[in-house]
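Visitor: sequence first, then the predicted structure:
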Number of protein chains: 2
Amino acid sequence: MARRADLLDFAILGLLHEGPTHGYDLRRRLNSALGPFRALSYGSLYPALKDLTQRGLIAQTTETTSATGRRPRIGYELTPEGKEFFDAAVSHAGADTAEDDTFAVRFAFFARTEADIRRLILEGRRHRLQERLDAARADTRRKREEFDAWSAALARHGEETAEREVRWLSELIDAERRHPQDPGPQP
Amino acid sequence: MARRADLLDFAILGLLHEGPTHGYDLRRRLNSALGPFRALSYGSLYPALKDLTQRGLIAQTTETTSATGRRPRIGYELTPEGKEFFDAAVSHAGADTAEDDTFAVRFAFFARTEADIRRLILEGRRHRLQERLDAARADTRRKREEFDAWSAALARHGEETAEREVRWLSELIDAERRHPQDPGPQP
DNA sequence: GTTAGCATGTAAGGAGTTACATGATTTT
DNA sequence: AAAATCATGTAACTCCTTACATGCTAAC
């Protein structure tokens, strides 16, 4: 699941796991699940739906077109193959799950992820972040003279943001360790 | 300066403003200036250098190839047109300067940016972030039931990160207001 | 001796955005 | 009466990454 397209496939499959819907709604939920950042357009969603249909992972539902007379909506639902595909994908934690985008998408479906896989993903992400942080700090120290005050402020802010995320991850990991069954953070 | 390519051009021109260098060094400094995130590869840098040369904004320096016998490095320097282009770009703050990537790049060259332009950019960025934050919060409230505990935790973390950045920007703006000449944050 | 870093480039491919095309319905 | 939201799609374009191609030097 390294390619972005695979991420989109995974997310679509994950959302359809909760029941069939149509493209427009899928996009809305995708954008609210992944945050207002990295929003995606129809130009990528509709082709992805077409592709998943061709691969037999999703299928159009026989939705009664008429009703109020509004434009017919095309419903999609998971096929058994699609369900299998998602279940297989959600139950494995590779090195790629530490990556920014992949991590966010995998996290969004943690409710369907087993506890030990969740732990692996969280720890992998923390490790990756810590690595980057160490590299950034070494870099900053190495050529401090090259930096003016503004660049230094930007670098420091970036480092603090990364540190915060590391702490956040540590809290989640600790919470999991204490209550393995628990979804962890409270709403 | 909305397109990514324009950002790269701006950054190259800005770095060459400090003196001529060659591609490899440019990439190194670019990646350390923009953070370990959004690193870029030679596949985009070298074509950009070629393009800027064709547009007459930079030119190859007549660097003595030999010396130690190592592979000849191709130095680049700003032409007067390139300097003019950068100076014009750095002295204007459009709506696009609030965007993630554009903001980061503009911020990296704040030392060469006039105080009033800096203020516009900082305030524009803060405004954009606040907008997104408000939208995200409204969205979260609207469909709280749709979210499980994990999705909610992810959304909350995203919101807190945005809040932190807003506060950071506010501090920078206040510091500027108090000491208009001052580079602001201390190293 | 072999890994890491210095150094420059190209070609192919992937991914996604923007703009366009179209039209109904609901809200202001 | 206009603007926003619902709803689906395509084509062109932009941009960037990956993989390839090549070879020297310094450090371990």
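Guide: That came in fine, so what should we check first? Numbering: from 1, shown residues only, chains lettered A, B, ... in the order given.
Visitor: near A:Glu123, how many other residues are there?
Guide: Applying other C-beta atoms under 10 Å in any protein chain shown, we find 16 residues neighbouring A:Glu123. Placement of C-beta: from N, CA and C, glycine included.
Visitor: that one and A:Asp174 touch, don't they?
Guide: No: using C-beta atoms under 8 Å, A:Glu123 makes no contact with A:Asp174, being 11.5 Å away.
Visitor: ok, now which ones touch A:Tyr76?
Guide: Contact criterion C-beta atoms under 8 Å, 6 or more residues apart in numbering or on different chains gives A:Leu16, A:Pro20, A:Thr21, A:His22, A:Gly23, A:Leu26, A:Leu49, A:Thr53, A:Ile58, A:Ala59, A:Gln60, A:Thr61 as the residues in contact with A:Tyr76.
Visitor: could you double-check that the fifth one lies in contact with A:Ala48?
Guide: What it means is A:Gly23. No: counting by C-beta under 8 Å, A:Gly23 stays clear of A:Ala48, with 9.6 Å between them.
Visitor: name the nearest residue to the spatially most central residue of chain A, sequence neighbours excluded.
Guide: Per C-alpha atoms, centre = their mean, the C-alpha nearest to the average position across chain A is that of A:Val105, at 0.7 Å. Using C-beta to C-beta, 6 or more residues apart in numbering or on different chains and skipping the chain neighbours, the partner closest in space to A:Val105 is A:Leu7 (5.0 Å).
Visitor: so how far is chain B from that neighbour?
Guide: Note on A:Leu7: its distance to chain B, by C-beta to the nearest C-beta, to the nearest Å, is 15 Å.
Visitor: who in chain A is up against DNA strand D?
Guide: Proximity of chain A to DNA strand D is assessed by C-beta under 7 Å from any atom of the strand, with A:22-25, A:28, A:42-43, A:46-47, A:49-50, A:70-71, A:73-74 identified as the residues in range.
Visitor: so what sits against both of A:Glu123 and A:Asp174?
Guide: With C-beta under 8 Å, 6+ apart applied, the contact sets of A:Glu123 and A:Asp174 do not overlap.
Visitor: number of residues surrounding the residue nearest to A:Val105?
Guide: Using other C-beta under 10 Å, A:Leu7 is surrounded by 19 other residues.
Visitor: packing partners of the one helix or strand it maps to?
Guide: Under the assignment given by DSSP states H and E, the secondary-structure element containing A:Leu7 is helix A:4-16. Helix A:4-16 is packed against helix A:23-33, helix A:42-54, strand A:58-60, strand A:75-78, helix A:80-90, helix A:100-108, with contacts defined by 3 or more C-beta pairs under 8 Å, 6 or more residues apart in numbering or on different chains; DSSP states H and E.
Visitor: now that helix and helix A:42-54, what's the angle there?
Guide: For helix A:4-16 against helix A:42-54, the angle by axes from the mean of the first three to the mean of the last three C-alpha atoms, to 10 degrees is 70 degrees.
Visitor: show me how far helix A:4-16 is from its chain's centre.
Guide: Distance of helix A:4-16 from the chain centroid (C-alpha atoms, centre = their mean, to the nearest Å) equals 9 Å.
Visitor: and that helix, average pLDDT?
Guide: For helix A:4-16, mean pLDDT rounds to 89.
Visitor: just the CA trace of that helix, in PDB.
Guide: Listed next in PDB are the C-alpha coordinates belonging to helix A:4-16 (Å, rounded to 0.1, in the frame of the first residue of the first chain):
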ATOM      1  CA  ARG A   4      -1.500   6.900  -3.200                       C
ATOM      2  CA  ALA A   5      -4.100   5.200  -5.400                       C
ATOM      3  CA  ASP A   6      -3.900   2.200  -3.200                       C
ATOM      4  CA  LEU A   7      -4.700   4.400  -0.200                       C
ATOM      5  CA  LEU A   8      -7.700   5.800  -1.900                       C
ATOM      6  CA  ASP A   9      -8.900   2.200  -2.700                       C
ATOM      7  CA  PHE A  10      -8.400   1.200   0.900                       C
ATOM      8  CA  ALA A  11     -10.300   4.200   2.200                       C
ATOM      9  CA  ILE A  12     -13.200   3.600  -0.300                       C
ATOM     10  CA  LEU A  13     -13.400  -0.100   0.700                       C
ATOM     11  CA  GLY A  14     -13.300   0.800   4.300                       C
ATOM     12  CA  LEU A  15     -16.100   3.300   4.100                       C
ATOM     13  CA  LEU A  16     -18.300   0.900   2.000                       C
END
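Visitor: show residues contacting it.
Guide: Helix A:4-16 is contacted from outside by A:1, A:21, A:26, A:29-30, A:33-34, A:40, A:44-45, A:48-49, A:51-52, A:57-58, A:76-78, A:82, A:85-86, A:89-90, A:101-102, A:105, A:108-109, A:112, using C-beta under 8 Å, 6+ apart.
Visitor: mark which of those are buried, thanks.
Guide: Burial of the contacts of helix A:4-16 was assessed by neighbour count (16 or more other C-beta atoms under 10 Å in any protein chain shown); the buried members are A:1, A:21, A:26, A:29-30, A:33-34, A:45, A:48-49, A:52, A:57-58, A:76-78, A:82, A:85-86, A:89-90, A:102, A:105, A:108-109.
Visitor: A:His22 and A:Arg28: what is the separation?
Guide: Using C-beta to C-beta, to the nearest Å, A:His22 is found at 10 Å from A:Arg28.
Visitor: coming back round to it: which stretch among the helices and strands packed on helix A:4-16 comes nearest B:Arg141?
Guide: For the helices and strands packed on helix A:4-16, proximity to B:Arg141 was assessed by C-beta to C-beta; helix A:23-33 is nearest, at 11.4 Å.
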